[in-house]
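**Student:** Here's a sequence, model it:
(one chain, ligands or ions: 1)
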Amino acid sequence: MNRVKITGTGSFLPEKILTNSQLEKMVETSDEWITKRTGIKQRRIAADGEATSDLGFRASRQAVSAAGIDVQDIDLIICATITPDMVFPATACLIQDKLGIKEAAAFDVEAACTGFISALAAAEGMLLTGNYRNALVVASEILSRVTDWEDRSTCVLFGDGAGAAVLSPGTGESGILSTHLGASGAYSDLLYLPAGGSLNPASHETVDNRLHYMRMEGNKVFKIAVQKMAEGSHSSLEKAGLGIEDLKIVVPHQANLRIIKALAKKLDLDMEKIYVNIVKYGNMSAATTAVGLDEIIRKGLASEGDIIQLVAFGGGLTWGAATVRL
Ligand code: UT7
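**Tutor:** Okay, the predicted model is just below:
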């Protein structure tokens with residue numbers, strides 16, 4: 001074994017669509033502002049009663065089927081999410097149960113929008129030890145449940161969805177070529193959810209003060225996002241001994257079309273080589289790069305042998321990139 005290969009991917013997007021014009025009726029905003037400032041036209045919203053593990057389960061089932069293995073052959077499940085079904089147990093355990101897998105190791109990774117790449121890196125390392133045979137990496141989010149629908153500066157940005165990938169050890173050229181992960185806790189107050197943890201346990205007061213919703217200083221996050229994603233992309237390429245020209249397509253985190261365009265400029269990459277789906281889904285945090293990965297494969301934008309890169313940025317602040325030969 002010398003590489004860990006992505007053998008199958010899947011995704012699941014809830015049916016319900018929330019458009020910009022519907023948002024115009026909920027907060028003081030406009031389709032024009034949202035489109036111009038973010039590139040988002042609509043986002044998906046999970047149905048009442050649907051939980052993060054339900055979305056993750058649907059995406060996982062598709063990934064396992066694409067990988068062509070028996071679900072019981074999975075012995076490691078890592079779920080990236082900031083919107084778990086419950087504080088504990090891990091959503092990965094709930095997905096394991098829904099898939100009917102017996103006793104596979106299961107835990108969650110919490111690295112916000114960088115979560116899928118962090119989970120891929122963790123799974124790669126664990127598979128390389130030889131202690132696990134096949135890993136399922138899931139990124140699933142229901143951000144609509146932690147969105148303050150009265151705050152126009154954040155509620156227009158986020159959406160719900162899930163993506164998944166099956167990883168298996170291989171001996172060929174294909175596989176994860178390199179990863180780069182970074183974080184800066186000094187910026188933790190730029191993007192966070194204040195209450196519900198040990199610092200501010202849920203109380204009537206925290207609910208009254210709307211502290212169970214995400215808060216973000218968008219402007220400050222924007223600038224750091226572009227810089228750190230570009231650095232992550234370069235670092236991952238360098239570790240793999242590759243140049244930007246070797247990439248068939250880049251799947252960046254979809255937080256803002258202006259961020260994606262600024263990243264393309266910094267990387268000196270034509271926008272045609274950058275995958276964009278923010279217009280349909282908004283920002284799905286960890287699920288964004290996972291869904292993007294599945295879509296580029298299903299649409300035939302990248303196929304076996306092509307080198308692609310995932311690059312993301314999010315709360316923490318965290319950032320990361322993974323360069324992969326499919
Ligand atoms: O996924 C994790 C990482 N997240 C990100 O990377 C997000 C990064 N940040 C962003 O994408 C952008 O900063 C936002 C889209 C969040 C905001 O765009 P912006 O161009 O930075 O706008 P702004 O916050 O500077 O606000 C400009 C104006 C303000 O009005 P004044 O003060 O100029 O009168 C806001 O009150 O736009 C106003 N505004 C809105 N107007 C209509 C803010 N939100 C809205 C809205 N509709 N939804």
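
**Student:** what separates stretch 246-261 from the chain centre, distance-wise?
**Tutor:** Computed by Cα atoms, centre = their mean, to the nearest Å, the chain-centroid distance of stretch 246-261 equals 13 Å.

**Student:** Restrict it to CA atoms and write it as PDB.
**Tutor:** Only the C-alpha atoms of stretch 246-261 are listed here, as PDB (Å, rounded to 0.1, in the frame of the first residue of the first chain):
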ATOM      1  CA  ASP A 246      -1.200  20.100 -13.200                       C
ATOM      2  CA  LEU A 247      -4.600  20.600 -11.700                       C
ATOM      3  CA  LYS A 248      -7.600  19.600 -13.800                       C
ATOM      4  CA  ILE A 249     -10.100  21.300 -11.600                       C
ATOM      5  CA  VAL A 250     -10.200  23.000  -8.100                       C
ATOM      6  CA  VAL A 251     -13.100  22.600  -5.800                       C
ATOM      7  CA  PRO A 252     -13.000  25.600  -3.400                       C
ATOM      8  CA  HIS A 253     -15.200  26.100  -0.400                       C
ATOM      9  CA  GLN A 254     -18.300  28.000  -1.600                       C
ATOM     10  CA  ALA A 255     -18.800  30.900   0.900                       C
ATOM     11  CA  ASN A 256     -18.900  33.800  -1.600                       C
ATOM     12  CA  LEU A 257     -18.400  34.000  -5.400                       C
ATOM     13  CA  ARG A 258     -16.200  37.000  -4.800                       C
ATOM     14  CA  ILE A 259     -13.900  35.000  -2.500                       C
ATOM     15  CA  ILE A 260     -13.700  32.300  -5.200                       C
ATOM     16  CA  LYS A 261     -12.800  34.800  -7.900                       C
END
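
**Student:** buried set for it?
**Tutor:** Of the residues in stretch 246-261, 247-257, 259-260 count as buried by neighbour count, 16 or more other Cβ atoms under 10 Å. From N, CA and C alone the C-beta is placed, and that goes for glycine too.

**Student:** out of those residues, which touch the ligand?
**Tutor:** Among the buried residues of stretch 246-261, the ones lying near the ligand by Cβ under 6 Å from any ligand atom are 255-256, 259.

**Student:** Can you tell me which of those residues is nearest Arg44?
**Tutor:** Nearest to Arg44 out of those is Ala255 (Cβ to Cβ; 16.1 Å).

**Student:** re the thing from before, mind picking the two most distant members of the buried residues of stretch 246-261?
**Tutor:** Taking Cβ to Cβ as the measure, the buried residues of stretch 246-261 have their most distant pair in Lys248 and Asn256, spaced 23.8 Å apart.

**Student:** I'd like to know which of the buried residues of stretch 246-261 are part of helices.
**Tutor:** Of the positions in the buried residues of stretch 246-261, 257, 259-260 sit in helices, assigned by DSSP state H.

**Student:** Now distance to Gly159 and pLDDT too, for the residues you listed, in JSON lines please.
**Tutor:** As requested, those are arranged in JSON lines below (distance: Cβ to Cβ, whole Å; pLDDT from 0 to 100):
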{"residue": "Leu257", "distance to Gly159": "14", "pLDDT": "98"}
{"residue": "Ile259", "distance to Gly159": "16", "pLDDT": "98"}
{"residue": "Ile260", "distance to Gly159": "16", "pLDDT": "98"}
